[in-house]
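# Here you go, sequence then predicted model.
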Amino acid sequence: MFLGMNEAFDLRPDYIINVIKKTGAKIVGFQFPEGLKRKGPELAKKVEEATSAEIIISGDPCYGACDLDRTLLEQVDILFHFGHAELEDTKLSEKVYFIETRSAIDIRPVVEMAVLELKGQVIGLITTVQHVHKLPDVCAVLKTNGKTCVIGRGDSRLAYSGQVLGCNFSAARDEVCDEYLYIGGGDFHPLGVALSTKKRVLAADPFSGEVREVDPSRILRQRSAVIAKSLDAQVFGIIVSSKNGQERMELASSLKALAKKHGKEAHLILIDLVTPDQLLQFKVDAFVNTACPRLAIDEVGRFPSPMLTPQEFEIVLGEREWESLVLVAGAARFR
């Protein structure tokens, strides 16, 4: 039997209560990703009753540890950020406490199902922070079935071995792996690994019990179409995020200089929440996104002009071959 998603995550209420009592905080902020927002009022009630602190819940979208609510942070004594691990470039304030919301679900049943679908001998293991503590259990199942497991360390931006982010798949760069097994729900992370490594990736969802091989061909077709639509572009809008963990002005400036080198016009656009509606008034032939790479992938076709990644922009300018394109290079600069 598979637990429902909301019942499977540890929000650590006792720890939160202890921190509030220890710090003497009177006004406390909660920031949740979309999938956990519904748990906010229930947790706030429990914490307020135990501490007498006032809880303010962020209502803005939250896309990762790179997206701390700085407005809320100014209003509170301390802020609890749920669902993500702290990154090296999110040390915005000592007032922020990261609650990783680790999963309590037993991953072994779905891993045993996945073993039947694995074709290789050396299996690379990848997951999000919610399941990263369960990777030794995954290894145990694989070893029992005669497989060898590899849990990659990744670069310094990742908090844990085997962890992947929407913008960082560097934990999946071990060339000895025959294929990868992703533990978790959703498609973006395993697709990113498949595109980054060019290797087979199985996704095992411990909540639904589903095991499937991810197919990156649809994403590649979509990205090919975006590149093709941008080949004749003369004016580019280069998007720079003002979010604390996504701001890459240096990269954006280098792309603007590259456009100038090729006789193109480019403009830097600084923006916090990048949405299709926010970009409607900018009359450019194509956008280049230096913020979260998921914007270009998840919202494909919704922007008023084609939205390129930095690597795709280089392909449009003739600086990079199509064959060298990956979804995300694994480094913080997406290069």
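Yes, it's here. Numbers count the residues shown, from 1 in each chain.
# For the helix or strand of the chain with the lowest mean pLDDT, name the packing helices and strands.
Ranking every helix and strand in the chain by mean pLDDT, DSSP states H and E puts helix 294-298 at the bottom, with a mean of 77. Contact here means 3 or more C-beta pairs under 8 Å, 6 or more residues apart in numbering; DSSP states H and E; on that basis helix 294-298 packs against helix 188-197, helix 217-230, strand 307-308. The C-beta positions use only the backbone N, C-alpha and C, and glycine is treated the same way.
# Could you rerun that using 10 Å?
Where contact means 3 or more C-beta pairs under 10 Å, 6 or more residues apart in numbering; DSSP states H and E, helix 294-298 is packed against helix 188-197, helix 217-230, strand 235-241, strand 286-289, strand 307-308.
# Relative to the whole chain's centre, how far out is that helix?
Centre-to-centre, helix 294-298 and its host chain are 11 Å apart (C-alpha atoms, centre = their mean, to the nearest Å).
# Also stretch 240-258?
18 Å.
# What mean pLDDT does that stretch get?
Average pLDDT, stretch 240-258: 91.
# now stretch 302-321
For stretch 302-321, the per-residue pLDDT averages 92.
# Spit out the contact partners of the residue sitting nearest the centre point of the chain.
Centroid-nearest residue in the chain, with C-alpha atoms, centre = their mean: G166, separated by 2.4 Å. G166 is in contact with 63-64, 66, 128, 186, 188-189, 192, 292-295, 297-298, 327-328, counting by C-beta atoms under 10 Å, 6 or more residues apart in numbering.
# Residues in a beta bridge with F80, which ones?
F30, Y97 (DSSP bridges).
# quick one on the thing from earlier: now the helices and strands packed on helix 294-298 as JSON lines including distance to T148 and mean neighbour count?
Converted to JSON lines, those look like this (distance: least, C-beta to C-beta, whole Å; neighbours: other C-beta atoms under 10 Å):
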{"stretch": "helix 188-197", "distance to T148": "17", "mean neighbour count": "24"}
{"stretch": "helix 217-230", "distance to T148": "28", "mean neighbour count": "16"}
{"stretch": "strand 235-241", "distance to T148": "40", "mean neighbour count": "24"}
{"stretch": "strand 286-289", "distance to T148": "38", "mean neighbour count": "27"}
{"stretch": "strand 307-308", "distance to T148": "39", "mean neighbour count": "26"}
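# so how far is D174 from L87?
22 Å (C-beta to C-beta, to the nearest Å).
# These two: who's more crowded?
The neighbour count for L87 versus D174, taken as other C-beta atoms under 10 Å, is higher for L87 (21 against 14).
# For the more buried one, which non-adjacent residue is closest in space?
Excluding the flanking residues, the one nearest L87 by C-beta to C-beta, 6 or more residues apart in numbering is A65, at 4.9 Å.
# So what does the one you found look like in phi/psi?
The phi/psi pair for A65 (degrees, to the nearest 10) reads phi -60, psi -20.
# Now do the same contact list for it.
So, once contact is read as C-beta under 10 Å, 6+ apart, A65 ends up touching 33, 81, 83-87, 89-90, 96, 98, 100, 129, 157, 159, 165, 244-245.
# 8 Å instead, please
H81, H84, A85, E86, L87, T90, F98, G245 (C-beta atoms under 8 Å, 6 or more residues apart in numbering).
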